[in-house]
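A.B. asks: Turn this into a structure:
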Amino acid sequence: RAFFRGKRIVELGAGVGLPGIVAAQVGAAAVVLTDRSDEPAIIDNINFNCAANNVSSACCAQALTWGQFNEETYNLQASDFDILLA
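C.D. replies: So this is what the prediction gives:
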């Protein structure tokens, strides 16, 4: 738990978002959960799961597909995160 406390985390290929949600529950400062941009229902489901687990204030879902770049992708900077979950 102490490992995640106060950290900024990005999760790649989050699926349902479980690892990132757990990180938020144990004290991560911010968690960005990413998954495919061609399946908007995945992002909706991640947001639903964050809300259902009362971590929406620390978590956000973002579409990210390997090899496809958009403004959100360009705004992700490695220096913005302490931990990468994949």
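
A.B. asks: Can you verify Ala14 is assigned to a strand?
C.D. replies: No: counting by DSSP: H, G, I helix; E, B strand; the rest coil, Ala14 is not part of a strand but coil.

A.B. asks: residues contacting the closest residue in space to it that isn't next to it in sequence?
C.D. replies: Among residues not flanking Ala14 along the chain, Leu33 sits closest, at 3.9 Å (C-beta to C-beta, 6 or more residues apart in numbering). Where C-beta positions appear, they are placed from N, C-alpha and C, glycine not excepted. For Leu33, the contacting residues are 11, 14, 17, 20-21, 46, 50, 59-62, by C-beta atoms under 8 Å, 6 or more residues apart in numbering.

A.B. asks: any idea of the mean pLDDT in the helix or strand hosting Leu33?
C.D. replies: Assigned by DSSP states H and E, Leu33 belongs to strand 30-35. Strand 30-35 shows a mean pLDDT of 95.

A.B. asks: Distance check, the residue nearest to Asp80 when sequence neighbours are not counted against Gln62.
C.D. replies: Nearest residue to Asp80 in three dimensions, chain neighbours excluded: Arg8, at 6.2 Å (C-beta to C-beta, 6+ apart). Applying C-beta to C-beta, to the nearest Å, the value for Arg8 to Gln62 is 14 Å.
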